[in-house]
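# sharing a model prediction with you, sequence too.
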Amino acid sequence: KVKKVKKVKKVNKEKKEKKSIINNKKIFFLLPHIFRGLIWFIYKIIYSFPLRTKNIKDWQKINKKYIFVSYLFNMKNSDNKKFSFSTYWGELPKKLKDNRTYTHWIHLYVKDQYLDNPKKASELINKLNKNNNFQKHITLYSFMNIRIIYKIFIDWFLLLKKIKKIQIYKKFPLYEGFDFWLFYKDDWYDSFIGKTAIDNLIYLNLFQEALKLSNKSTVISYLLENQGWEIGMLSVCKSLNIERTIGFSHAASRFWDLRNFYDKNEFNDHKKLRLPMPKILAVNNKFSLEEFLSFGYPKNQIRLVEALRHFYLTKDFILRIKSSKNRKSILVLGDYENNNTKNQISILNNLSSDILKDLNIIYKPHPASSLDIKKFPNLSINLREDPISELLPLTNLVFCGSVTSASLDAFAFGSKVIIYRDPRILNFS
């Protein structure tokens, strides 16, 4: 009884905490953008404090010929002792170490179930640096200091002054009396004075600090998704005359994703204000290569490479393990959006008991997901966080959300794939 009471109290406490977080978020997004920006700035300074390190001076002293910029995310399935394997880079770190090549890694910490707070992230970085002679690891927020905080605030203050002079809403078109500015207003102010503006200014100033002692011979490789921090980093590289930049498009490129494709004039424009781009764009499949070239990407700046993290999809490996599949199992691969995954699993939850009684449901959540599977009482779900390479051999059938690119892994593996399309949202498959 005592154990049950303690369990009930714990559940009630968690519910109260979640409710409090939801209410705080609602209040936050009701505030004007200028207050959101200021609150977010203070929050990021306090939240990231554990990521500060005493090894900054050591980082700045050493010669950094090869720098990799990566995410400190989904690290549970990476090598967390010697970083010989990465969920993003595959066995590239090991191959570089075997070749006795010194590499330096700047990690962008992103909260997930495994590293759910900055303190754990900092401890992992220290662990990776211990007894690792050919690698040096650091987080981008390690470079935060009083001087950087002051610079960020001044940059934000200047943006506040400039944005008042730009009356872009007067130039938005009307269509049969409808004002399109209503669709863009929130994004516009968020990008220039709100939460997103603060994030981008933080990244810009931190990269200036991290790369200031690099030289022209430095090669910077990073995970290309065309996020705001990438544009900021490339701008810093340009200002420091670091020309050898490689953007690795590590995931599948969707033809409709406007983050990947620009107006063709961007590639021909040599003005100072042109959009920053990597010296080399590395894509991991022929389809992406053809797509980028058809949109006008310069042929001499794009390369077809192999994604080492997909090496488990070799024919020999697939043939060796195919016999172990369980025909009465289904592997469910979730999205990073909880609502999408909730709607996806609800489809299974509504199946008849005759179908469900003998069905083994294996659920692999997205690392960023916090969905509580206890909300599906009709399902007996086997929660697994193993690498997808270890889960695909367990079943012939894979049920994917529309957003995750893991569906391509399942296709390549030879599994039968079902992709859930929610009619209430845009099709992201």
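Ah, there it is. Numbers count the residues shown, from 1 in each chain.
# stretch 50-65 spans what distance, first to last residue?
Across its full length, stretch 50-65 reaches 28 Å between end residues, using CA to CA, to the nearest Å.
# oops, could you answer that again for stretch 176-195 instead?
Taking CA to CA as the measure, stretch 176-195 stretches 33 Å from start to finish.
# so for the strand or helix carrying Asp186, mean pLDDT?
Secondary-structure element containing Asp186, defined by DSSP states H and E: helix 181-192. This predicted structure assigns helix 181-192 an average pLDDT of 90.
# cool, stretch 344-353 as well?
For stretch 344-353, mean pLDDT rounds to 83.
# how far is it from where the chain is centred?
The chain centroid and the centroid of stretch 344-353 are separated by 29 Å under CA atoms, centre = their mean, to the nearest Å.
# now it: buried residues?
With burial defined by 16 or more other CB atoms under 10 Å, the residues of stretch 344-353 counted as buried are Gln344, Ile345, Leu348, Asn349. Where you see a C-beta, it was placed from the backbone N, CA and C, and this is true even at glycine.
# quick one: contacts of that stretch?
Stretch 344-353 is contacted from outside by 330, 332, 334-335, 356, 361, 363, 371, 373, 376-379, 399, 401, 420, 422, using CB atoms under 8 Å, 6 or more residues apart in numbering.
# buried subset of those?
330, 332, 334-335, 361, 363, 371, 373, 376, 379, 399, 401, 420, 422.
# for Ile246, grab phi and psi.
Torsion angles at Ile246 (phi, psi; degrees, to the nearest 10) stand at phi -120, psi 120.
# how close does it get to Leu258?
Applying CB to CB, to the nearest Å, one obtains 22 Å for the distance of Ile246 from Leu258.
# the residue positioned nearest the centre of the chain bridge partners, please.
Nearest to the mean C-alpha position of the chain, by CA atoms, centre = their mean, lies Tyr71 at 6.7 Å. Applying DSSP bridges to Tyr71 yields these beta-bridge partners: Leu108.
# now do it against Glu230, distance only.
Applying CB to CB, the value for Tyr71 to Glu230 is 12 Å.
# pLDDT below threshold where in the stretch 301-429 of the chain?
315-327, 429 (pLDDT under 70).
# residue ranges for the helices of it, please.
315-321, 338-349, 353-356, 388-391, 406-413 (DSSP state H, counting those that start in this stretch).
# give me the nearest residue to Asn382, chain neighbours excluded.
Leaving aside its chain neighbours, Asn382 sits nearest to Ile362 (5.0 Å; criterion: CB to CB, 6 or more residues apart in numbering).
# which strands and helices sit next to the helix holding Asp186?
Counting contacts by 3 or more CB pairs under 8 Å, 6 or more residues apart in numbering; DSSP states H and E, helix 181-192 packs against helix 33-47, helix 146-165, helix 195-211.
# contact partners of the last one?
Right, helix 195-211. By CB under 8 Å, 6+ apart, the surrounding residues in contact with helix 195-211 are 33, 36-37, 40-41, 44, 67, 106, 138, 140-141, 143-145, 148, 151-152, 155-156, 159, 190-191, 218, 220, 228-229, 231-233, 235-237, 239-240, 242.
# filter these to the buried ones?
When neighbours are counted using 16+ other CB under 10 Å, the contacts of helix 195-211 contain these buried positions: 33, 36-37, 40-41, 44, 67, 106, 138, 140-141, 143-144, 148, 151-152, 155-156, 159, 190-191, 218, 220, 229, 231-233, 236-237, 240, 242.
# give me the neighbour count for Lys357.
8 (other CB atoms under 10 Å).
# that one and Tyr109, how far apart?
Counting by CB to CB, the gap between Lys357 and Tyr109 amounts to 43 Å.
# again, but for Tyr141
Between Tyr141 and Tyr109 the computed distance is 7 Å (CB to CB).
# shared neighbours, the two?
Ser48, Leu51, Pro118.
# now these in a markdown table, with pLDDT, neighbour count and distance to Glu290?
Written out in a markdown table, the entries for the shared contacts of Tyr141 and Tyr109 read as follows (pLDDT from 0 to 100; neighbours: other CB atoms under 10 Å; distance: CB to CB, whole Å):
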| residue | pLDDT | neighbour count | distance to Glu290 |
| --- | --- | --- | --- |
| Ser48 | 93 | 20 | 41 |
| Leu51 | 92 | 21 | 40 |
| Pro118 | 94 | 19 | 41 |
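# help me confirm that the residue nearest to Asn382 comes into contact with Leu331.
Yes: with the criterion set as CB atoms under 8 Å, Ile362 and Leu331 qualify as a contacting pair; they are 4.8 Å apart.
# among those two, which residue is more densely surrounded?
The residue with more neighbours, out of Ile362 and Leu331 and counting by other CB under 10 Å, is Leu331; that gives 26 against 20.
# low-confidence ranges, the stretch 151-300 of the chain, go.
Counting by pLDDT under 70, the ranges of the stretch 151-300 of the chain that qualify are 269-273.
# one more time with 80, if that's ok
Residue ranges of the stretch 151-300 of the chain with pLDDT under 80: 169-177, 252-260, 263-274.
# for Val219, give me its contacts.
So, once contact is read as CB under 8 Å, 6+ apart, Val219 ends up touching Lys65, Tyr66, Ile67, Arg244, Thr245, Ile246.
# let's see that with 10 Å instead.
Contacts of Val219 were listed using CB atoms under 10 Å, 6 or more residues apart in numbering, and they are 64-68, 103, 242-246, 279-280.
# filter the residues you listed down to the ones in strands?
If you go by DSSP state E, these have Tyr66, Ile67, Phe68, Thr103, Arg244, Thr245, Ile246, Ile280 in strands.
# so what sits opposite the first one in the bridge?
Under the criterion DSSP bridges, Tyr66 forms beta bridges with Val219.
# on that earlier part again, in the helix holding Asp186, what's buried?
Of the residues in helix 181-192, those scored as buried under the neighbour-count criterion (16+ other CB under 10 Å) are Trp188, Tyr189, Asp190, Ser191, Phe192.
# strands of the stretch 251-400 of the chain, start to end?
Remark: strands of the stretch 251-400 of the chain, listed N- to C-terminal, are 280-283, 302-304, 326-333, 360-364, 381-383, 395-400; assignment by DSSP state E, counting those that start in this stretch.
# which strands and helices sit next to the fifth one?
The one in question is strand 381-383. When contacts are defined as 3 or more CB pairs under 10 Å, 6 or more residues apart in numbering; DSSP states H and E, strand 381-383 packs onto strand 326-333, helix 338-349, strand 360-364.
# what lies in contact with that strand?
For strand 381-383, the external contacting residues (CB under 10 Å, 6+ apart) are 329, 331-332, 345, 348-349, 360-365, 373-374, 394.
# rewinding a little: most tightly surrounded among the helices and strands packed on helix 181-192?
Burial of the helices and strands packed on helix 181-192 is given as mean neighbour count (mean count of other CB atoms under 10 Å); helix 195-211 ranks first at a mean of 22.
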